[in-house]
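Novice: prediction below, plus the sequence it came from.
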Amino acid sequence: MSEKSDTQRFAIFRAKDATADVDSTIMELAPFSPTAAEGAKRVLEAGLDHGTVQKVLFQMPGFSLVYVWFKSEFPLPRHTHNCDCLYYIVGGSLRMGSEELGRGDGFFVGKDVPYTYTPGAAGVEVLEFRASNAFDIKLLANNPLFWEGAVKTVLAQRSAWTQEQPPSGLQ
């Protein structure tokens, strides 16, 4: 006689059914410095939300898959998450340090490891695989000059972002 398991064994998901509000469904803001808080507030007010599309494609206890499209020149602050994450690029490109990564490439970032990257000229689309269905984001950008530059970038790119299409053709 077998016990009934609460573990999901099979599931199908469709992009059209994805949840668009990642922050309220699986990602919470961790406490961060007053400089980062003020900078984040200013960059959001400038229109940062026009530069990204994020969708929860799949989640279950202990696992999640998120699609993220960061448009050209999106100012992604240095940050961490409280769980391991595997990233796979489905379109566009990014620069991480001295490395240029494109479609089919990826990278792994361990729990609490600080990182950032810069989307390429056409932006970048990534799939984020996590062994968690809830995680945080902790902004580490404590330099006011970063936030000042980020606001300038958002103001300069905001109208162009509305015209951009995902480099993979996904939508």
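Specialist: Arrived safely, thanks for sending.

Novice: strands of the chain, start to end?
Specialist: 27-29, 52-60, 63-70, 79-80, 85-96, 99-102, 106-109, 118-130, 135-139 (DSSP state E).

Novice: ok, which of those strands comes nearest residue 157?
Specialist: Among the strands of the chain, the nearest to residue 157 by CB to CB is strand 118-130 (10.2 Å). For the C-beta atoms, the positions are set from N, CA and C on the backbone; glycine is no exception.

Novice: picking up where we left off before, and the strands of the chain as a markdown table, adding mean pLDDT and distance to residue 40?
Specialist: As requested, those are exported to a markdown table (pLDDT from 0 to 100; distance: least, CB to CB, whole Å):
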| stretch | mean pLDDT | distance to residue 40 |
| --- | --- | --- |
| strand 27-29 | 88 | 9 |
| strand 52-60 | 92 | 13 |
| strand 63-70 | 95 | 16 |
| strand 79-80 | 96 | 10 |
| strand 85-96 | 98 | 20 |
| strand 99-102 | 98 | 26 |
| strand 106-109 | 98 | 20 |
| strand 118-130 | 97 | 18 |
| strand 135-139 | 93 | 6 |
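
Novice: reformat those as JSON lines; add distance to residue 146 and mean neighbour count.
Specialist: As requested, those are exported to JSON lines (distance: least, CB to CB, whole Å; neighbours: other CB atoms under 10 Å):
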{"stretch": "strand 27-29", "distance to residue 146": "18", "mean neighbour count": "15"}
{"stretch": "strand 52-60", "distance to residue 146": "17", "mean neighbour count": "18"}
{"stretch": "strand 63-70", "distance to residue 146": "16", "mean neighbour count": "20"}
{"stretch": "strand 79-80", "distance to residue 146": "12", "mean neighbour count": "18"}
{"stretch": "strand 85-96", "distance to residue 146": "16", "mean neighbour count": "19"}
{"stretch": "strand 99-102", "distance to residue 146": "21", "mean neighbour count": "14"}
{"stretch": "strand 106-109", "distance to residue 146": "19", "mean neighbour count": "14"}
{"stretch": "strand 118-130", "distance to residue 146": "12", "mean neighbour count": "21"}
{"stretch": "strand 135-139", "distance to residue 146": "10", "mean neighbour count": "18"}
